[in-house]
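# Got a sequence here, can you build the structure:
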Amino acid sequence: MSGASKFGGGPPTSTEAGQGSVPNLMVDPLDTEGAHRLSQNAQKFKALAEGGGFAVNEAGFQAYNKVCDDFMHGYQEIGREFYQLLSRAKMGASDYAYKVADFNIKVAAGDVNSLIPNLQMLMESIKQVQDALKIARDNYNAADSEHAQTFSGFGKAD
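Numbers count the residues shown, from 1 in each chain. Model (predicted):
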């Protein structure tokens, strides 16, 4: 079956697609390492689109973009709730209560590995994915227009 398309066997390999491999955008976004991997892979995804590495038609763009929009909307709501964690919880007046309340604030935004910075990184990553999808849609439209011009001359007498 040399040269035949694969059905049901997953996406084509980079050799079959004629392009570099598409970065994995499926990571655990709640894990700091996962958030960093998503950020790196979103950058690679955008670079692949900018280099003409893939194209997507309008229907595909709309479907993928909706997933990104849903993600952004959901995480914006969650983000608003996370910002409430920046206020010290009223847990009592003991030293231990203050330590726990301060720890909660640190978990929310105490360093680059905290919830809020990771949430912001995730949102930026999804924005990059959306940018890549727009570029890929433009790639598709440009190729489609080019093919239409190429074939418009067929059938005409010289």
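
# Let me know the average pLDDT across the biggest helix by length in the chain.
Of all the segments of type helix in the chain, defined by DSSP state H, the longest one is helix 115-152. Mean pLDDT, helix 115-152: 86.

# List the buried residues for it?
115-119, 121-122, 125-126, 128-130, 132-133, 135-137, 139-140 (16 or more other Cβ atoms under 10 Å). Backbone N, C-alpha and C define where each C-beta goes, glycine included.

# gap between D111 and N118?
Using Cβ to Cβ, to the nearest Å, D111 is found at 10 Å from N118.

# Ranking helices and strands of the chain by mean pLDDT, which lands last?
Sorting the helices and strands of the chain by mean pLDDT, DSSP states H and E puts helix 14-17 at the bottom, at a mean of 36.

# just checking, next helix/strand downstream of that one?
helix 32-50 (DSSP states H and E).

# Quick check: buried residues in that next one?
32, 35-39, 41-46, 48-49.

# Show me what that helix is packed up against.
helix 115-152 (3 or more Cβ pairs under 8 Å, 6 or more residues apart in numbering; DSSP states H and E).

# Count residues in the vicinity of Y98, would you?
Around Y98 there are 13 other residues, counting by other Cβ atoms under 10 Å.

# need the contact list for it.
R88, M91 (Cβ atoms under 8 Å, 6 or more residues apart in numbering).

# Kindly report the same for E81.
Per Cβ under 8 Å, 6+ apart, neighbours of E81: none.

# likewise K90?
Shown in contact with K90 (Cβ under 8 Å, 6+ apart): A101.
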